[in-house]
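K.L.:
Predicted model and sequence below, questions to follow.
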Amino acid sequence: MEDLKKAIRDIPDFPKKGIVFKDITTLLRDPASFQRTVDLLGHRYVGKKIDVVVGIEARGFIVGAALAYKLGAGVILVRKPGKLPYKTHKATYELEYGTDTLEIHQDAIEPGQKVLIADDVLATGGTVSAVIGLIEKMKGEIVECAFLAELEFLKGREKLKPYPVFSLLQF
């Protein structure tokens, strides 16, 4: 796992002063690291009969789509306002450097579908907590929240209880 951690670069003071951003683009550009990441994450969910993987804008699209492909599941996109063409549900939430809003198509998830939420980094948990609310509204069954990396010192997983959380890498 240390080699995957080393493939992620730190960007100080992004998106604002005092934040150290974990930039996964350096991991994604390396074919071996990206493939290993998807294989390790995907292996965890083989046999769990995941119906759909929800990828959160924007880097969560990459993680979510790769996992969905690996699991033979559909992929659902959660996007910023005004980006989805059909009727949407929306959730506004706080994150470590402000507030934001996300939307999901109203017909994206059918009641009872097994859902895996996927994103690149778990920080404060605000974003994923909002996505959980959207999925609950549509009566999807959340299997787990999966992350490439977790910033443990921000205690984001506490916001996601009672749902299980898995992070491949911890910082």
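P.N.:
Thanks, I have the structure now.
K.L.:
Look at the most centrally placed residue in the chain and tell me its secondary structure.
P.N.:
The residue lying closest to the centre of the chain (C-alpha atoms, centre = their mean) is D119, at 1.6 Å. Secondary structure for D119, judged by DSSP: H, G, I helix; E, B strand; the rest coil, is strand.
K.L.:
Now the longest helix seen in the chain: buried residues?
P.N.:
The helix of greatest length in the chain, counted in residues with DSSP state H as the criterion, is given as helix 31-45. Of all the residues in helix 31-45, those buried under the rule 16 or more other C-beta atoms under 10 Å are S33, F34, R36, T37, V38, L41, G42, Y45. From N, CA and C alone the C-beta is placed, and that goes for glycine too.
K.L.:
Contact partners for the fifth one?
P.N.:
Going back to what we said before, that points to V38. V63, A66, L67, K70 (C-beta atoms under 8 Å, 6 or more residues apart in numbering).
K.L.:
quick one: which of these is most hemmed in?
P.N.:
Using other C-beta atoms under 10 Å as the neighbour criterion, V63 leads those with 26 neighbours.
K.L.:
Could I get the phi/psi values of the nearest residue to L40 once chain neighbours are set aside?
P.N.:
Spatially, and ignoring its direct neighbours in sequence, L40 is nearest to L168 (5.8 Å; C-beta to C-beta, 6 or more residues apart in numbering). Phi and psi for L168, reported as degrees, to the nearest 10, are phi -70, psi -40.
K.L.:
show me the contacts for L168.
P.N.:
Contact analysis of L168 by C-beta under 8 Å, 6+ apart lists M1, L4, T37, L40, L41, F147, L148, A149.
K.L.:
which residues are in contact with the helix or strand of the chain with the lowest mean pLDDT?
P.N.:
Least confident helix or strand of the chain, by mean pLDDT, DSSP states H and E, is strand 88-95 with a mean of 90. Under the contact criterion C-beta under 8 Å, 6+ apart, strand 88-95 has outside partners 81, 99-106, 123-124, 126-127, 129-131, 133-134, 137-138.
K.L.:
So which of those are in strands?
P.N.:
Within the contacts of strand 88-95, residues falling in strands by DSSP state E are T99, D100, T101, L102, E103, I104, H105.
K.L.:
Just give me the closest of the residues you listed to E57.
P.N.:
L102 (7.1 Å; C-beta to C-beta).
K.L.:
mind checking how far the closest residue to the closest one other than its chain neighbours is from I104?
P.N.:
The spatially closest residue to L102, leaving aside those adjacent along the chain, is V78, at 5.1 Å (C-beta to C-beta, 6+ apart). Taking C-beta to C-beta, to the nearest Å as the measure, V78 falls 5 Å from I104.
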